[in-house]
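Student: Okay, sequence plus prediction incoming.
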Amino acid sequence: MKEMLESLMQDRIHKLSQLEDRKLMRQLVNEFLVNMVDYQDQMLDKLEQRVLEESKTLSSLYDIHTTIYRQEDWDVSHEFLHPVLPEDVQPQVLSLPELLMVQQGVEQPSGNRLIRLFLEMDSAQVLALTRSERIFRARVTTDVGVYHVGVQLRPSTDYQREIERLYHNFQVNGLAWRTVHHPYIYKFVDVMLHSWEQKPQPEESIVSITVDMEEYESYQRPGWIPVWNVQRLKIKNSGFPIPALDRIHYEHIIALHKYGSEHGYLADGEASDIRYIKRSPGEMVIVSPGDRSGFWDIIKINRPVEQRWSSSSYPLVSNGHLDQFVHHHAAGQMLPVRTMGELTRMVRAQQASVGVELQNVQVRQHADTGDADSTEAIELNPFLGDNIRLDAHRPILELHFRRLPEHRLPAFLHGDQLAYLTAELQRQLPEYRCKGVWL
């Protein structure tokens, strides 16, 4: 608008024949009209931002951002991202006497894990590889010599249990759950000891372990760990507990100014210990039957910060929504409209949908047994159950997605992007069984 006014005024000024009239007109434009337009633009921007803020129903405070880092490059002072499992950044200590007790053909406990590997493959392929029970060869180097062993791959379910634990935290805190978009955790496998070709002495110490992945050798990435913006803290409540209005429970005030009011916070506890939670800027009030002051386990979800450099060569992804009015307005409506346009809006609301378009949908009553793509999809929300609807009575909603030219995600993450978008639509469309496919 400012450029349009300047162009119009310049045209009018040039049409004036008198020099004094030109000077007066130019002075009037510079001192009054331009400043008035600048002020009007500022007020319109503030009004637009205010309307956007008041229409928000989905808080970005609880967006989960995820990626992976090389373990040796991890900085413990990182304020934004933290390991999904804190023990991942600690040196792994293996007990050789326990490993020597492994017997071939016997189910092995989790303590016989040698190392954890990240495979730069599609998650469905990783799952199929772990279910094949294929035996690979590995080399165990000790301070005395080198020994060859047989190993098998198992999914690293420890990370998935952390997501389920976070889901229960959301439920206890009375917050709506959104699917966590962490495609990397489904590509980690535990290398389990299967058999010894030659056993070392119990007093030897393990120096290193390498796995021969044969045709999958180019996909293995040892020494990487998954991270997210979830940080676990212990915070002492301020003062003494105050009796609640019901005279039965007690209010425990947790001061959050020290840790940053711009972040999201959850109380980590059992439903029996937390009646409900009240939130206000700078503090969180936990209403609990407990009457003693002490430390509370608090989950801090860090807001993203702009970094000039990063040690990770893999993209940072999140389950956040685009900050647009139409998405906030639609989220506040109690009666959803099941149309193609609404499904398209749901997909476009996701930050993870950049470069992807919902091309078409198809409703089927039964699964097509003749599908060429028989690869099992990764289930991102296995802990979400439906106790009302039976799968046999729910039609299949087949979602056809297409990658646009501006799609820049690495090829090994394409299947995970499809699984995430399908899982989010499944969460909002419980009357269907959603199935996503690429065109």
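Tutor: That came through fine.

Student: For I235, grab the count of nearby residues.
Tutor: 18 (other C-beta atoms under 10 Å). All C-beta atoms are positioned from the backbone trio N, CA, C, and that covers glycine.

Student: so it bridges to which residues?
Tutor: W296 (DSSP bridges).

Student: let's have the chain start at 55 instead
Tutor: That works, and once the first residue is 55, the last one we named lands at I289.

Student: in terms of contact, does it touch W350 like I think?
Tutor: Yes. If you go by C-beta atoms under 8 Å, I289 and W350 touch, sitting 5.8 Å apart.

Student: Determine the longest helix present in this protein.
Tutor: Ranked by residue count, the top helix of the chain under DSSP state H comes out as helix 88-109.

Student: ok, and for it, which residues are buried?
Tutor: V91 (16 or more other C-beta atoms under 10 Å).

Student: Which is the succeeding secondary structure element to that helix?
Tutor: Counting by DSSP states H and E, the element after helix 88-109 in chain order, helix or strand, is strand 119-124.

Student: Direction included, what does that next one pair up with?
Tutor: Here, using DSSP bridges, strand 119-124 pairs with strand 278-282 (antiparallel), strand 371-372 (antiparallel).

Student: Identify all contacting residues around the helix or strand harbouring Q471.
Tutor: Assigned by DSSP H and E, Q471 falls within helix 468-482. Identification of contacts with helix 468-482 by C-beta atoms under 8 Å, 6 or more residues apart in numbering yields 176-178, 231-233, 235, 237, 240, 373, 390, 397, 400-401, 404, 406-407, 410, 431-435, 438, 451, 453, 455, 457, 463, 486-492.

Student: what do you get if the cut-off is 7 Å, keeping everything else the same?
Tutor: Helix 468-482 is contacted from outside by 176-178, 233, 235, 237, 240, 397, 400-401, 404, 406-407, 410, 431-432, 434-435, 453, 455, 463, 488-490, 492, using C-beta atoms under 7 Å, 6 or more residues apart in numbering.

Student: Likewise for stretch 219-237?
Tutor: Contacting residues not belonging to stretch 219-237 are listed as 116, 118, 120, 177, 217, 280, 282, 284, 320-323, 325, 328, 330-331, 353, 371-373, 406, 434-435, 437, 467, 470, 474, 477-478, 481 [C-beta under 7 Å, 6+ apart].

Student: Of these, grab the buried ones for PyMOL.
Tutor: Buried members of those, defined by 16+ other C-beta under 10 Å, are picked up in PyMOL with:
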select buried, resi 116+118+120+177+217+280+282+284+320+321+322+323+328+331+353+371+372+373+406+434+435+467+470+474+477+478+481
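
Student: hmm, back to that, using a markdown table, lay out the strands paired with strand 119-124 together with mean pLDDT and distance to L98.
Tutor: Putting the strands paired with strand 119-124 into a markdown table (pLDDT from 0 to 100; distance: least, C-beta to C-beta, whole Å) gives the following:
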| stretch | mean pLDDT | distance to L98 |
| --- | --- | --- |
| strand 278-282 | 95 | 38 |
| strand 371-372 | 94 | 30 |
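
Student: As CSV, the ones you listed with distance to V226 would be great.
Tutor: Shown next, in CSV, are these (distance: least, C-beta to C-beta, whole Å):
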stretch, distance to V226
strand 278-282, 19
strand 371-372, 23
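
Student: Of all these, which one is nearest I67?
Tutor: Of all the strands paired with strand 119-124, it is strand 371-372 that lies closest to I67, at 51.0 Å by C-beta to C-beta.

Student: on that earlier part again, so for the longest helix of the chain, mean pLDDT?
Tutor: On average, the pLDDT along helix 88-109 is 76.

Student: Please point out which parts of the following helix or strand past the helix holding Q471 sit buried.
Tutor: Per DSSP H and E, the first helix or strand lying C-terminal to helix 468-482 is strand 487-492. Neighbour-count burial for strand 487-492 flags R487, C488, K489, G490 (criterion: 16+ other C-beta under 10 Å).

Student: The residue lying closest to the third one once chain neighbours are set aside in helix, strand or coil?
Tutor: Distances taken as C-beta to C-beta, 6 or more residues apart in numbering put E452 closest to K489, at 5.2 Å, once the chain neighbours are dropped. Classification of E452 using DSSP: H, G, I helix; E, B strand; the rest coil returns strand.

Student: repeat for the one 4 residues further on
Tutor: Using three-state DSSP, the structure places R456 in strand.

Student: That one reaches G490, doesn't it?
Tutor: No. Look at R456 against G490 with C-beta atoms under 7 Å: they stay out of range, at 11.5 Å.

Student: how far is stretch 434-453 from where the chain is centred?
Tutor: 22 Å (C-alpha atoms, centre = their mean, to the nearest Å).

Student: All set now, cheers.
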